[in-house]
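A.B. asks: Quick one, what's the 3D model for this:
(one chain, ligands or ions: 1)
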Amino acid sequence: MPRKIDFCSKWLLKFDNTDRVCSRWLTKGKTSNSFRCIVCNTDDLSCGNGGWYDLKKHFDLPKHIQCMKDVFGSIPLVVSPHPSASLSSNTNDDSVCTTASSTSVNQTRISFVNIYNDQRSLTRVVKVTRAECMWAMATSQLGFSYNSSQFLPEVFRFMFPGSQIATDYSLRSRKMSYVISHGTVYYLTNELIKDVRKAYGFTLFLMR
Ligand SMILES: [Zn+2]
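C.D. replies: Next up, the predicted model:
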């Protein structure tokens with residue numbers, strides 16, 4: 001019997017049919033010869049017989065192409081180590097949105113998120129991204145379901161017919177799930193690991 005092909009980590013850096021790296025949607029599965037698509041939210045899919053061609057078969061599926069459009073849409077999702085650095089050269093003006101509860105003179109406080117006053121002129125893409133980030137934070141903070149965002153782009157377009165931000169807003173349930181599960185949660189988990197590593201000792205509670 002021929003040997004099954006193992007998942008190869010180099011595939012993460014190969015380009016898919018969008019001419020971008022596969023790591024945007026691809027992760028290794030639980031077994032050595034499987035993979036998962038985090039955009040389609042699949043269970044383990046086999047790459048044991050065709051290797052890279054099994055992946056290619058997946059990313060050429062109409063369903064995957066549609067899911068990629070839902071998540072990455074017209075607005076690029078960019079991971080930046082310094083949120084304000086890529087937006088402006090003015091480093092004194094911090095525009096980071098946080099869920100912290102402190103208040104200061106320069107910020108307007110609303111119930112779930114602090115929005116720092118920002119004097120810079122932002123591009124349309126950045127304004128849309130900020131709007132989507134705020135709704136993603138509100139959704140996790142208030143415990144809304146991902147599905148509650150499914151028709152918000154249409155609702156916003158009707159509510160604010162003259163708004164360019166509402167026109168470009170595209171945060172539906174699939175994109176929301178991707179951003180929170182693989183962005184926010186990934187970041188917070190790493191922060192927790194960093195804290196635990198720095199601690200002299202810690203207690204672990206397992207909840208079932
Ligand atoms: Zn997929």
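A.B. asks: Would you mark the buried spots in stretch 158-176?
C.D. replies: Ala166, Thr167, Asp168, Tyr169, Ser170, Leu171, Arg172, Ser173, Arg174, Lys175, Met176 (16 or more other C-beta atoms under 10 Å). C-beta: built from backbone N, CA, C; applies to glycine.
A.B. asks: Touching, the fifth one and Phe151? I think so.
C.D. replies: Think Ser170. No. With contact defined as C-beta atoms under 8 Å, Ser170 does not count as touching Phe151 (12.0 Å).
A.B. asks: Which of the buried residues of stretch 158-176 sits closest to the ion?
C.D. replies: Arg174 (10.5 Å; C-beta to the ion).
A.B. asks: would the closest one count as being in a helix?
C.D. replies: Yes. Assessed with DSSP: H, G, I helix; E, B strand; the rest coil, Arg174 lies in a helix.
A.B. asks: Contact partners for the nearest residue to it once chain neighbours are set aside?
C.D. replies: The shortest distance from Arg174 to any non-neighbouring residue, by C-beta to C-beta, 6 or more residues apart in numbering, is to Asp70 (4.4 Å). Each residue near Asp70 by C-beta atoms under 8 Å, 6 or more residues apart in numbering is listed here: Ser170, Arg172, Arg174, Lys175.
A.B. asks: For the first one, which non-adjacent residue is closest in space?
C.D. replies: Right, the one you point to is Ser170. Gly73 (4.1 Å).
A.B. asks: Mind pulling up the pLDDT for that neighbour?
C.D. replies: We have a pLDDT of 74 for Gly73.
A.B. asks: so how many other residues sit close to it?
C.D. replies: Residue neighbour count, defined by other C-beta atoms under 10 Å, stands at 18 for Gly73.
A.B. asks: Pretty sure it sits against Met176.
C.D. replies: No. Here Gly73 does not reach Met176: they are 12.0 Å apart, not a contact under C-beta under 8 Å.
A.B. asks: re earlier: ok, the buried residues of stretch 158-176 vs Lys63, which is closest?
C.D. replies: Comparing these against Lys63 with C-beta to C-beta places Arg174 closest, at 11.2 Å.
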